[in-house]
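K.L.:
no sequence on this one, just coordinates:
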């Protein structure tokens with residue numbers, strides 16, 4: 001009864017033992033079968049158990065297993081470990097692989113980018129080589145044209161200038177293409193050092209070309225573009241490189257000062273306070289580019305001005321004669337030998353059709369003397385009074401007035417005196433010796449000393465006769481009319497200014513058509529020197545406006561011209577480059 005009761009109480013445990021024994025026997029049978037198959041297949045890994053099958057083996061006692069069964073399980077577990085390790089390794093290597101892939105892609109992109117940049121640079125280089133050849137062609141054509149103009153062969157000069165202009169346009173287009181290629185390269189790699197260096201040089205070269213064309217605004221803009229890429233500032237330093245100047249005088253020992261021109265917002269130029277440079281000779285003085293006036297002073301010598309325009313990096317020797325006081329007649333200015341810019345930088349149509357001028361370029365003149373102001377009626381009357389009656393009659397200033405022009409009539413009055421009449425068809429104003437000439441229609445500058453008016457109504461032949469008289473009587477030995485270049489240099493100084501005092505001429509600067517309201521009744525000459533604003537760098541008066549001045553032509557041999565504009569004409573006519581070719585007998 002007790003045994004029966006114990007059996008009833010332990011039946012569950014017994015049942016579990018029986019079930020486990022049955023399960024282990026099944027696992028053992030599967031293991032035995034799997035081990036035999038594995039051995040039959042020459043221990044092929046594919047016959048080994050996976051992780052799920054291996055999990056069942058924990059029910060078996062390892063000590064109860066046959067050696068071949070334990071070998072099978074060891075091989076299965078080893079393979080399992082290898083797979084786990086491989087999976088872990090793959091998982092660990094995945095980011096590295098991805099990184100390597102990205103690095104590879106990036107390197108490929110960089111190679112592609114570098115190739116594209118190199119392609120643009122190569123394209124730019126080809127254009128630059130073409131531009132270099134064109135640049136030489138342009139320079140040769142320009143210098144050839146300048147030489148022909150200086151030889152007074154305007155037709156040949158203009159033909160060569162047209163050739164130079166066509167080459168210059170081709171050069172500009174080539175450089176634009178080069179610039180576009182370099183900008184395209186920079187858009188791909190904005191920090192590429194070679195491309196930035198090439199762009200700096202590209203824009204600097206274009207700035208030099210604009211400067212050679214006297215296009216200051218364009219040159220300045222291109223230099224600023226160059227400086228954006230000029231890593232070490234080398235080109236900025238080149239652009240501002242000082243000139244090296246040696247200054248000598250004859251005789252030596254002259255005290256020299258230097259004053260620089262400054263330009264205000266309206267284009268007017270004025271001299272800054274001068275600085276002393278010492279006494280001549282002065283060796284290897286560094287002066288930054290610009291426009292200047294050198295002043296030479298020595299005891300017993302006249303004061304000499306020497307207008308000077310310096311370009312970056314040039315080397316110049318200035319040799320200036322300082323005449324003794326008795327060598328320069330009263331009322332005259334000594335202009336030393338030197339270089340200046342002649343002609344016009346205006347567009348070719350205006351330059352040819354209106355100004356009749358050569359393109360702007362440097363020339364040199366010998367030393368000469370020139371009157372400080374226009375010849376006055378007082379000086380002309382002195383000339384007339386020295387002539388025979390027949391000659392005097394030929395040289396009296398006389399021009400008929402009209403609705404479009406002021407008439408001039410200088411007539412003998414009683415007791416050998418003279419009377420001036422300025423007239424139009426509707427009005428006449430007159431004054432005799434000792435009387436003020438009155439412009440009754442003017443609001444200011446009404447009454448003036450007419451004997452100090454510049455003489456007008458005379459021909460080129462009359463002016464030549466006057467100069468011959470000055471020489472004959474010893475007032476001005478060797479007197480003659482100025483050449484066009486001499487007149488222009490005396491009015492311009494050395495730089496490219498349009499008017500004696502800068503690039504702008506306002507109505508109240510000089511005596512032009514607008515000065516007194518642009519009415520015929522108010523127009524007429526003013527006393528010489530009454531408009532000091534238009535004084536030239538050499539101290540000459542009224543070289544813009546008042547009355548036209550006769551010169552020989554600087555354009556063609558045998559021609560004569562009038563320069564400087566007049567009270568009846570506009571500011572364009574008063575430009576220093578303008579010359580109007582006239583018949584020498586015309587008044």
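P.N.:
Structure received. What you see is a predicted model; the values in this text were computed from it and never measured.
K.L.:
pretty sure residue 564 contacts residue 491?
P.N.:
Yes: shown here, residue 564 and residue 491 form a contact pair, counting by C-beta atoms under 8 Å, at 7.2 Å. In this view, the C-beta of every residue, glycine as well, is placed from N, C-alpha and C.
K.L.:
any common contacting residues for the two?
P.N.:
The contact sets of residue 564 and residue 491 overlap at 543-544, 576 (C-beta atoms under 8 Å, 6 or more residues apart in numbering).
K.L.:
and the helix or strand harbouring residue 55, which residues are buried?
P.N.:
Residue 55 is part of helix 51-56, with elements assigned from DSSP states H and E. For helix 51-56, burial by neighbour count (16 or more other C-beta atoms under 10 Å) applies to residue 53.
K.L.:
over to stretch 223-233?
P.N.:
Going by 16+ other C-beta under 10 Å, stretch 223-233 has these buried residues: 223, 225-226, 229-230.
K.L.:
so which of those residues belong to helices?
P.N.:
Residues of the buried residues of stretch 223-233 located in helices (DSSP state H): 223, 225-226, 229.
K.L.:
pLDDT wise, what is the residue nearest to the spatial centre of the chain at?
P.N.:
By C-alpha atoms, centre = their mean, the chain has its centre lying nearest to residue 219, at 1.1 Å. Residue 219 is assigned 96 on the pLDDT scale.
K.L.:
any idea how far residue 406 is from residue 446?
P.N.:
Distance of residue 406 to residue 446, computed by C-beta to C-beta, to the nearest Å: 16 Å.
K.L.:
those two: which has the busier surroundings?
P.N.:
residue 406 (22 against 14; other C-beta atoms under 10 Å).
K.L.:
which residues are in contact with that one?
P.N.:
Residue 406 neighbours (C-beta under 8 Å, 6+ apart): 422-424, 520, 523-524, 567-568.
K.L.:
again with residue 202
P.N.:
Per C-beta under 8 Å, 6+ apart, neighbours of residue 202: 124, 128, 175, 178-179, 182, 226.
K.L.:
any chance of the residues you listed in a markdown table, plus distance to residue 35 and pLDDT?
P.N.:
Listed next are the contacts of residue 202 as a markdown table, based on distance: C-beta to C-beta, whole Å; pLDDT from 0 to 100:
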| residue | distance to residue 35 | pLDDT |
| --- | --- | --- |
| 124 | 78 | 94 |
| 128 | 83 | 94 |
| 175 | 88 | 96 |
| 178 | 82 | 96 |
| 179 | 83 | 95 |
| 182 | 78 | 95 |
| 226 | 86 | 95 |
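K.L.:
tell me the buried residues in stretch 28-45?
P.N.:
For stretch 28-45, by 16+ other C-beta under 10 Å, it's 28, 31, 34-35, 38.
K.L.:
out of those residues, which is nearest to residue 136?
P.N.:
When those are ranked by distance to residue 136 (C-beta to C-beta), residue 38 comes first, at 90.0 Å.
K.L.:
quick check: which element contains that closest one?
P.N.:
Under the criterion of DSSP H and E, residue 38 resides in helix 2-40.
K.L.:
can you list the buried residues of stretch 223-233 in JSON lines and add distance to residue 134?
P.N.:
Listed next are the buried residues of stretch 223-233 as JSON lines, based on distance: C-beta to C-beta, whole Å:
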{"residue": "223", "distance to residue 134": "21"}
{"residue": "225", "distance to residue 134": "21"}
{"residue": "226", "distance to residue 134": "20"}
{"residue": "229", "distance to residue 134": "23"}
{"residue": "230", "distance to residue 134": "24"}
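K.L.:
what about residue 404, how many residues nearby?
P.N.:
9.
K.L.:
relative to residue 412, how far out is residue 434?
P.N.:
15 Å.
K.L.:
likewise for residue 199?
P.N.:
From residue 199 across to residue 412, the span is 75 Å (C-beta to C-beta).
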